Structure formats: structure tokens, C-alpha cells
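Engineer: Give the three-dimensional model of this entry:
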Amino acid sequence: MSAIELAVIGGTGLYRLAALQDPEALEGDTPYGRPSGPVRVGRLAGRRVAFLARHGEGHSLPPHRVNYRANLWRLKELGATRVLAVNTVGGITERFGPKVLALPDQLIDYTWGRTSSYWDGEGGDVLHVDFGDPYTPALRREVLAAAAASGTPLVDGGCYGATQGPRLETKAEIARMRRDGCDLVGMTGMPEAGLARELGLDYACLAIVANWAAGCSGDEEITLAEVLANVEVASAHLPALLEALLG
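Structural biologist: This next block holds a predicted model:
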């Protein structure tokens, strides 16, 4: 069986990879429990690609209840070495308005209470991984090159702030995040990125900006309908980007 060239993790609004040909649903458990759902493995651009819906294929899992350890373990177990994580986010600073695709290069973790490591001190060594660059630089370069080759508009760089959820943030919280240097806000960036590093997986985040964060564009209420509509528009670029990345 050929190797998995790329694993894609889908976020809010991306529950299947329509371009994936002849997908096979692979169910399986892990030492860390069950993943969010089946890993669907098929072919895209002639290469073997895996897809996993982070929140479950029916969006049944809120961000703080996702079994991030099981998800990444299962992808590695199936042979994945590169992971492109698609995260639906809010925009904080001017470059990151709704419908923008972004490739952040930094991360601040505001989450709490989530199981954030495979190394919990029971029956193994404690591992302190280097996390200065939370997204694999080589994979980021490949994604940027694929975006250029496919004509996909992609904002290079930015800092992703990972919040606890599932509620959205207050205006004061977003103002603090802006002062901290965050450009984007989402609820699923951590511990996923850190766990990928512990497993030695190449990992990059493709952020889909679904809305302005609280207080960043007047007093408009953020609605789920708006979020899903903007994700659908931005996701239209994904097949071309993935084909170029696999080419």
C-alpha cells in the first residue's frame, strides 16, 4: 500500500474533502481513546491523502472536547508524516478579514484544562519539545509555493491565538489578544500543534477567516450562518491548493 502523502484535518464547515477520490473510511481506536471519526483515505492528484473531520462529521464535538491526542496518533499510525490543519478562525488585525486564507507562523495558547501532551509522567520519559516555531517551516514553504503555483490568495504569516471556547470571546478579551500580538483567534489550534510536534509530524495551519472577532468591525453580532457562508467561499480554493501541494 502506498504511503499517505498528506493528512488534512478539517475544521468548522469542512467535514469532507469533496475532491478525494474513492475514499475508504478507516475506523480505529488508539491508546488515547477514539478519534473524532473515521479517517477517510483516498486519492487526490494521484496521491494518497487522508482526511479527518476534527469536530466529527456531524460537528458533534466542541473544541474543548475534541480528542486531539487520538486524532493525531491515528493519523501517524496510518502512515501520515505531514499534516495540514484547516482551522476556522476570527480576524483581529487588518490583513485578516472574512474569507481570507492565512498561513500563520506563530501561536499563543490561551486554552486551559485540555490534555496537552502524550508525556504525562506515567511509564515514560517527560519530553520537552522545541516549539519556538510551532508550525513546521519546511511545510509552510511548500504550502506557500503551492498557493503561488495554483493562484490561491494566501496571507503569509500572522499569530494565531488559541482560546478555550466553545463560547466566543468578549471584546475585552480580543483587545487583550491584539495587544499580545495575535492576528487570528480560534479554538482548536492547541493542543493540536504541540501534540503534532511531540509525534514528529510536519504540521502547518491553513486558517480560514470566517468573521471579524468581537469588537473588530463595529457591533455586528457573529452568526453561524455568516461563519459557514464565509468558510464555503474561502474553501473553494482548497482543491487547487492541495493539488499543487501534492504535485
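Engineer: Flag the helix or strand of this structure with the lowest per-element mean pLDDT.
Structural biologist: helix 224-235 (a mean of 86; mean pLDDT, DSSP states H and E).
Engineer: quick one: that helix to chain centroid distance?
Structural biologist: Centroid separation between helix 224-235 and its chain, computed with CA atoms, centre = their mean, to the nearest Å, is 16 Å.
Engineer: now do stretch 10-18
Structural biologist: How far stretch 10-18 lies from its chain's middle: 11 Å, per CA atoms, centre = their mean.
Engineer: buried residues in that stretch?
Structural biologist: Across stretch 10-18, burial judged by 16 or more other CB atoms under 10 Å covers 10-15, 17. Quick note: C-beta positions are derived from backbone N, CA and C, even for glycine.
Engineer: Pull out the buried residues from the least confident helix or strand of the chain.
Structural biologist: Using 16+ other CB under 10 Å as the burial criterion, the residues of helix 224-235 that qualify are 227, 229-231, 234-235.
Engineer: can you give me the helices in the chain?
Structural biologist: 68-77, 137-150, 171-180, 192-198, 224-235, 238-246 (DSSP state H).
Engineer: can you list the ones you listed in a markdown table and add distance to A210?
Structural biologist: Listed next are these as a markdown table, based on distance: least, CB to CB, whole Å:
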| stretch | distance to A210 |
| --- | --- |
| helix 68-77 | 21 |
| helix 137-150 | 19 |
| helix 171-180 | 15 |
| helix 192-198 | 18 |
| helix 224-235 | 4 |
| helix 238-246 | 14 |
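Engineer: quick one: which of the ones you listed is nearest T115?
Structural biologist: Nearest of the helices of the chain to T115, taken as CB to CB: helix 68-77 at 6.2 Å.
Engineer: Can you point out the buried residues in that closest one?
Structural biologist: Within helix 68-77, the residues that qualify as buried by neighbour count (16+ other CB under 10 Å) are 68-76.
Engineer: Also stretch 189-202?
Structural biologist: Residues of stretch 189-202 classed as buried: 189-199, 201-202 (neighbour count, 16+ other CB under 10 Å).
Engineer: Just the CA atoms of it, as CSV, please.
Structural biologist: Included here for stretch 189-202 are C-alpha records, laid out as CSV according to Å, rounded to 0.1, in the frame of the first residue of the first chain:
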residue,chain,number,x,y,z
GLY,A,189,-5.0,25.4,17.3
MET,A,190,-3.9,23.9,20.6
PRO,A,191,-3.0,21.4,21.9
GLU,A,192,-3.1,20.0,18.3
ALA,A,193,0.1,21.8,17.1
GLY,A,194,2.0,20.8,20.2
LEU,A,195,1.0,17.2,20.0
ALA,A,196,2.0,17.0,16.3
ARG,A,197,5.4,18.2,17.3
GLU,A,198,5.7,15.6,20.0
LEU,A,199,4.9,12.9,17.4
GLY,A,200,7.4,14.3,14.9
LEU,A,201,4.8,15.2,12.4
ASP,A,202,5.3,18.1,10.0
